[in-house]
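Asker: below are the sequence and a predicted model; questions follow.
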Amino acid sequence: MAMTVNQRLEELREVMRREHLAAFIFPSTDPHQGEYVPDHWKGREFISGFNGSAGTAVVTLTSAALWTDSRYFIAAEEQLRGTEFQLMKLKIEGTPTIAQWLNSQLSHLDSPFSTEVGIDGWCSSANSVKELIAELRKDL
């Protein structure tokens, strides 16, 4: 029997605790930044259940959110229903950036917890990682 999204989240969180990660980011890309992502690289879809071509999932030890654009708002709402994932609607007023959301989620953690954020370096461009680091540090 296949695991549910919430079961996969619990298994991920066990690994995150073991590796001292406070959050993990799942982009919608592969190492080639190609338009068509092979199944092997569909980590965001695996962890969230959302199968649209654009989106980013972020999981912390206590929460989960998925950012996508207006093409996928309805589909994402349906596919995320019954999971812990909160839909974040890109370019809609009041929607936080990933860094803003992470900082709000991680700011309340007490000291035995890490604030380290993991991301698959194979699937993330150096520039996007540098920008994320800068934005995370700016919002501290």
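Answerer: Everything's here; your move.
Asker: distance check, Ser28 against Val5.
Answerer: Ser28 is 16 Å from Val5, where distance means CB to CB, to the nearest Å. The C-beta positions use only the backbone N, C-alpha and C, and glycine is treated the same way.
Asker: before we move on, what about Pro96?
Answerer: 22 Å.
Asker: go on, Ser128?
Answerer: Taken as CB to CB, the span from Ser128 to Val5 is 25 Å.
Asker: repeat that for Gln100.
Answerer: 24 Å.
Asker: those two: which is more packed in?
Answerer: Shown here are Gln100 and Val5; by other CB atoms under 10 Å, Val5 has more neighbours (19 against 14).
Asker: which residue ranges of this structure form helices?
Answerer: Taking DSSP state H as the test, the helices found in the chain are 5-19, 43-48, 73-80, 98-106, 126-138.
Asker: in CSV: these, plus mean pLDDT.
Answerer: Converted to CSV, the helices of the chain look like this (pLDDT from 0 to 100):
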stretch, mean pLDDT
helix 5-19, 96
helix 43-48, 92
helix 73-80, 98
helix 98-106, 93
helix 126-138, 87
